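In: When you get a sec, could you give me coordinates for this:
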Amino acid sequence: MRRVVVTGLGAVTPIGNTAAESWEAAKKGTCGIGPITHYDASASRVRIAAEVKDFHPEEYVDKTEVRKIDPFALFAIASAQQAFDDAGLDMDQEDSQRCGIIYSSGIGGLTTIQREDQKGANKGYDRISPHFIPMAISNMAAGHLGIRFGFHGVCTCVVTACASGTNAIGDAFRKIKDGYQDVMLCGGSEASINELGIGGFTAMKALSFSQDPRRASIPFDAQRDGFVMGEGGGALVLEEYEHAKKRGAKIYCEIAGYGSTCDAYHVTAPMPDGRMAAQCMLDAMKEAGLSKVDYVNAHGTSTPLNDKGETLAMHLAFGEAAKEIMVSSSKSMIGHLLGASGAVEAVFTVLSVKNDIVTPTIGYEKFDPECDLDYVPNRMREVPVETAMSNSLGFGGHNASIVFKKVKE
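Out: Purely as a prediction, here's the structure:
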């Protein structure tokens, strides 16, 4: 049985431009939500979001190339470069065909799509940028990473809405476990804080209309009314255990299990009884050889239906033990990064296992009897974390769960 470990981490988030910065901010319960600055939102119903701050893509990409790459792919490049460097990989010592990439985005280059469509409407569509298509398509983040690092193995992009990042990590785990690859760079990125992205989610009444950054993204709170849009990217380097040991790599933890199911119920609403989300968690735990975990980094979107349904699913999956498990939502701090959310939340979950720290669900005030678990309100906890799960639930009924655990010789 081939074991899979995490050897590199990278992140660009609304609370930090590296994995280390984001982790330190998450431990403190930092709120990354504030007024939208990417465009004038003064006349819009939704005027706050969780934006990445002080990000300088020129630190990762030549400034002449930046304008040819959509922000979602720039976040991907930055997070992946951090993870690659953190893992200490030397491609001169690797078989490049045994190194692969699964890096996702739920929407792709929406900023570019909006801008070029407006240009085409005003000046004629023959006048739009020749870079439009490669900037807009969702797989191009993975393509950039393959070119950048010289990985010649599998290179794909999972698109499963808000489960994309978690599916990318889970599928990468399987590529190594099943013997197809030795090294995988995986994760997800998103950059949809623009008029079109915010407008679309506003129209479907998915976003919070609160103007108070600390009471807008409030997962599992009785007064939650919708999610807050976030942006950024997260990346992990996964390796076969013996491969990592042989080269003396730093090992954060082990990936022990992965589950992926479909509600087959509705295009946006989760299955009311939580049955298939629960099955997803059970499948991940079965592969990991566990019946429960110490901590769950929940999908926890702050929408009425998701948080109720996910809580019910955890009761179904864990039974009587559900009340003993710590559960928190990173989205209380960073908002909902859509296809990138599972990747960034996986980074936080890995660091929870590595450091025996559970990050909080901030902004939690009002108890909801339908959300009755231990949501680690407002303050982090320093407690043993031997095993942890990260959940993602996407539009279309996509469910994904991954289980991490401390490495045992």
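In: quick one: contacts for Gly146?
Out: Shown in contact with Gly146 (Cβ atoms under 8 Å, 6 or more residues apart in numbering): 101, 152, 155. For every residue, glycine as well, the C-beta is placed using N, CA and C.
In: let's go with 6 Å and repeat that
Out: Contacts for Gly146 were tallied using Cβ atoms under 6 Å, 6 or more residues apart in numbering; they are 101, 155.
In: now swap in Met271 and tell me
Out: Met271 is in contact with 263, 265, counting by Cβ under 6 Å, 6+ apart.
In: what number of residues lie near the residue nearest to Met326 when sequence neighbours are not counted?
Out: Of all residues not flanking Met326 in the chain, Tyr295 sits nearest, at 4.6 Å (Cβ to Cβ, 6 or more residues apart in numbering). By the measure other Cβ atoms under 10 Å, the count of residues near Tyr295 is 27.
In: From Lys286, how far out is Tyr295?
Out: Per Cβ to Cβ, to the nearest Å, Tyr295 is found 18 Å from Lys286.
In: circling back to that earlier point, for the residue nearest to Met326, list each beta-bridge partner.
Out: Per DSSP bridges, the residues bridged to Tyr295 are Met326, Ala388.
In: my guess is it meets Ile357, correct?
Out: No. Tyr295 is beyond contact range of Ile357, at 9.7 Å (criterion: Cβ atoms under 6 Å).
In: can you give me the helices for the stretch 1-150 of the chain?
Out: For the stretch 1-150 of the chain, the helices defined by DSSP state H, counting those that start in this stretch cover 19-28, 63-66, 71-87, 110-123, 132-136, 140-149.
In: Just list the residues touching the residue lying closest to Ala73 once chain neighbours are set aside, thanks.
Out: In this structure, Ala73 finds its nearest non-sequential neighbour in Ala141, 4.5 Å apart by Cβ to Cβ, 6+ apart. Contact analysis of Ala141 by Cβ under 6 Å, 6+ apart lists 73, 76, 103, 105, 189.
In: Phe132 versus Phe220, what's the distance?
Out: In this view, Phe220 and Phe132 are 41 Å apart by Cβ to Cβ.
In: ditto for Thr268
Out: 28 Å.
In: And these two? Which one has more around it.
Out: More crowded of Thr268 and Phe132, by other Cβ under 10 Å: Phe132, with 19 against 14.
In: thought Gly309 was touching Gly274?
Out: Yes. Look at Gly309 against Gly274 with Cβ under 6 Å: they come within range, at 4.8 Å.
In: Give me the number of neighbouring residues for Gln81.
Out: There are 18 residues near Gln81, going by other Cβ under 10 Å.
In: ok, now how distant is the nearest residue in space to it that is not next to it in sequence from Ser42?
Out: Computed as Cβ to Cβ, 6+ apart, the closest residue to Gln81 that is not its neighbour in sequence is Tyr60, at 5.5 Å. For Tyr60, the distance to Ser42 equals 32 Å [Cβ to Cβ].
In: okay, these two: which has more neighbours?
Out: Using other Cβ under 10 Å, the more surrounded residue of Tyr60 and Ser42 is Tyr60, with 21 against 8.
In: for Glu195, what are its contacts?
Out: Counting by Cβ under 6 Å, 6+ apart, Glu195 touches Tyr39.
In: Kindly report the domain assignment for the chain.
Out: 4-246, 257-405 (automatic domain parsing).
In: What segments of the stretch 251-400 of the chain are strands?
Out: Taking DSSP state E, counting those that start in this stretch as the test, the strands found in the stretch 251-400 of the chain are 253-262, 295-297, 326-328, 357-358, 381-382, 387-394, 398-405.
In: Out of the ones you listed, which gets nearest to Ser164?
Out: strand 387-394 (6.9 Å; Cβ to Cβ).
In: what does that closest one rub up against?
Out: Residues outside strand 387-394 that contact it (Cβ under 6 Å, 6+ apart) are 160-163, 166, 277, 293-299, 342, 345-346, 349, 352-353, 399-405.
In: What of stretch 207-215?
Out: Here stretch 207-215 has contacts from 31, 33-34, 45-46, 48, 201, 216, 225-226, 228, 363, using Cβ under 6 Å, 6+ apart.
In: try it again with 8 Å
Out: Applying Cβ under 8 Å, 6+ apart, the contact partners of stretch 207-215 are 31, 33-34, 45-48, 198, 201, 216-217, 223-229, 302, 362-363, 365.
In: what does stretch 34-42 give?
Out: Here stretch 34-42 has contacts from 46-51, 193-195, 198, 213, using Cβ under 8 Å, 6+ apart.
In: again with stretch 120-133
Out: Residues from elsewhere that reach stretch 120-133 (Cβ under 8 Å, 6+ apart): 68, 112, 116, 119, 135.
In: which residues of the stretch 301-409 of the chain score low on pLDDT?
Out: The stretch 301-409 of the chain contains no residues with pLDDT under 70.
In: where do the helices sit along it?
Out: Ranges of helices within the stretch 301-409 of the chain are 304-318, 331-334, 341-355, based on DSSP H, counting those that start in this stretch.
In: Nearest to Glu239, out of those helices?
Out: Each of the helices of the stretch 301-409 of the chain has some distance to Glu239 by Cβ to Cβ; the shortest is helix 341-355, at 13.4 Å.
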